[in-house]
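*Asks:* Okay, here's the prediction I keep looking at, along with the sequence it came from:
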Amino acid sequence: MYDGRGGLQVQAGSVPELVPGGALLRIRACGIAISDLRAYKAKRTERLLHKLAGEIVRVAPEVSSIGVGDRVYINTYYHCGNCLACNRGFSNLCEKRTYFYDGKQALSEYALLPPEFLRSGGATRVAGDVSFEDATQVGPLSNCLNTLRAVEFAPGDSAVVLGAGPMGLLHVSLLKMSGASKIIVCDVDEFRLGISREFGADYSVNSESTDAAAEVQRLTGGGADVVIVATGKPAAMLDSLKMARSRGRIDFFGGVALEAGDTNLKVDPNPIHYKELKIVGTYASLLDDYRVAAELINSKRLSPSRLDTHHFDFDHIHGALAVVDDPKALRVMITL
């Protein structure tokens, strides 16, 4: 439970009662991204501990979409289906979304899946031989699928990924699998740059010791087709304008809410105008993205558990959140 001061405390509770049209979930794994750890350190913990996977242990008789024993990924929230965004097909931007937990609860061994959650496709099934750790990556991978669609990625495109954190590395894996001709990763940490090559990067550039924009221009012969900013640093967003070729496509994937200082971008519009750059932002994903992500993991075409660098059990949850300062922490996993 959240303690109201930006921290967590463990409490004993009862197993939720099954309701008509609902299901009971036994949570088995929770993945924590480095952005979650930074949020915890900053005492901004809302929506922390939300990348959940588990198995269905009870189902109301009238429910047919899932069954007892199914392994599922639990979406962060469920959409209303009636707002302007939902009616236009963009449920990821729902204006009346309902989060899985109520704002007081942070993580539990058992959780009720209400009828509205199931009807909106909130539980995504994975194959029975998929580990719960891999299942927690359905959501993050679906976000990357949304990115590639937004930037109109096509096989043969060259790509730059700014930020070699867990989401940046997932983008690298997906770009490699999708047929990128050249993948360049930029980061300031040598450990993460080295890991990026294991995930499929052709080149890694230290943007602290190198003029990254100039190096990207050199490696691509004039700029990349696609630039994905998988970090919340405004400087990286500005650099992306220099890295894209004429008519290149740029995605601002990372938010800047936790960045200190001025988060306003002072953008020179000339590169956007004269190079006809397309700049988009992406947030979350659509239900089809969840399904495709599950299929990629089911088929073993992608094995995202390689990102899991730290493992903790439920009794040591505070230890899991204490690794925020470890530069080698990519994804921290809690097993229940």
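*Replies:* Yep, that arrived. Numbers count the residues shown, from 1 in each chain.
*Asks:* make it CA atoms for all contacts and neighbour counts henceforth
*Replies:* Fine.
*Asks:* In terms of helices and strands, where is the most centrally placed residue in the chain?
*Replies:* Central residue of the chain (Cα atoms, centre = their mean): residue 140, 3.0 Å from the mean position. Residue 140 is located in helix 138-150, with elements delineated by DSSP states H and E.
*Asks:* just to revisit the earlier point, how deep is the nearest residue to the residue nearest to the centre of the chain once chain neighbours are set aside tucked in, by neighbour count?
*Replies:* Using Cα to Cα, 6 or more residues apart in numbering and skipping the chain neighbours, the partner closest in space to residue 140 is residue 167 (7.1 Å). Other residues within reach of residue 167, judged by other Cα atoms under 10 Å, total 25.
*Asks:* thinking again about what came up before, now tell me what touches the helix or strand following the helix holding residue 140 from outside.
*Replies:* Sequence order places strand 158-162 as the next helix or strand after helix 138-150, per DSSP H and E. With Cα atoms under 8 Å, 6 or more residues apart in numbering as the test, strand 158-162 has contacts from 168, 171-172, 175, 180-187, 216, 220, 224-231, 236, 243.
*Asks:* Could you list the low-pLDDT ranges of the chain?
*Replies:* 257-263 (pLDDT under 70).
*Asks:* The residue nearest to residue 140 - that's part of a helix, no?
*Replies:* Yes - Residue 167: assigned to a helix according to DSSP: H, G, I helix; E, B strand; the rest coil.
*Asks:* tell me which residues of the helix holding residue 140 are tucked away?
*Replies:* 138-148, 150 (16 or more other Cα atoms under 10 Å).
*Asks:* how close does residue 146 get to residue 79?
*Replies:* 17 Å (Cα to Cα, to the nearest Å).
*Asks:* Leaving aside the residues adjacent along the chain, what's closest to residue 194?
*Replies:* residue 204 (7.6 Å).
*Asks:* Which of the three states applies to the one you found?
*Replies:* Quick answer, by three-state DSSP: residue 204 is strand.
*Asks:* how far away is it from residue 154?
*Replies:* Taking Cα to Cα, one finds residue 204 at 22 Å from residue 154.
*Asks:* So for these two, which sits in the more crowded spot?
*Replies:* Comparing residue 204 with residue 154 by other Cα under 10 Å, the one with more neighbours is residue 204, at 23 against 16.
*Asks:* who touches the more buried one in this structure?
*Replies:* 184-187, 193-194, 196-197.
*Asks:* Point out the ones among those residues that are inside helices.
*Replies:* 193-194, 196-197 (DSSP state H).
*Asks:* ok, back up a step: for the helix holding residue 140, packing partners?
*Replies:* helix 166-177, helix 287-298 (3 or more Cα pairs under 8 Å, 6 or more residues apart in numbering; DSSP states H and E).
*Asks:* try 10 Å this time
*Replies:* strand 51-59, strand 71-74, strand 123-126, helix 166-177, strand 224-229, strand 244-252, strand 278-281, helix 287-298 (3 or more Cα pairs under 10 Å, 6 or more residues apart in numbering; DSSP states H and E).
*Asks:* right, and those - which one's nearest residue 109?
*Replies:* strand 51-59 (9.3 Å; Cα to Cα).
*Asks:* what pairs with that closest one, and is each one parallel or antiparallel?
*Replies:* According to DSSP bridges, strand 51-59 forms sheet pairs with strand 23-33 (antiparallel), strand 71-74 (antiparallel).
*Asks:* Quick check: can you list the domain ranges of this protein?
*Replies:* 23-139+285-335, 147-281 (automatic domain parsing).
*Asks:* quick one: contacts for residue 4?
*Replies:* 43, 45, 103-104 (Cα atoms under 10 Å, 6 or more residues apart in numbering).
*Asks:* typo on my end, it should be residue 35
*Replies:* Applying Cα under 10 Å, 6+ apart, the residues near residue 35 are 41, 48, 165-167, 231-232, 254-255, 258, 324, 330-331.
*Asks:* How is it assigned, secondary-structure-wise?
*Replies:* From three-state DSSP, the assignment for residue 35 is helix.
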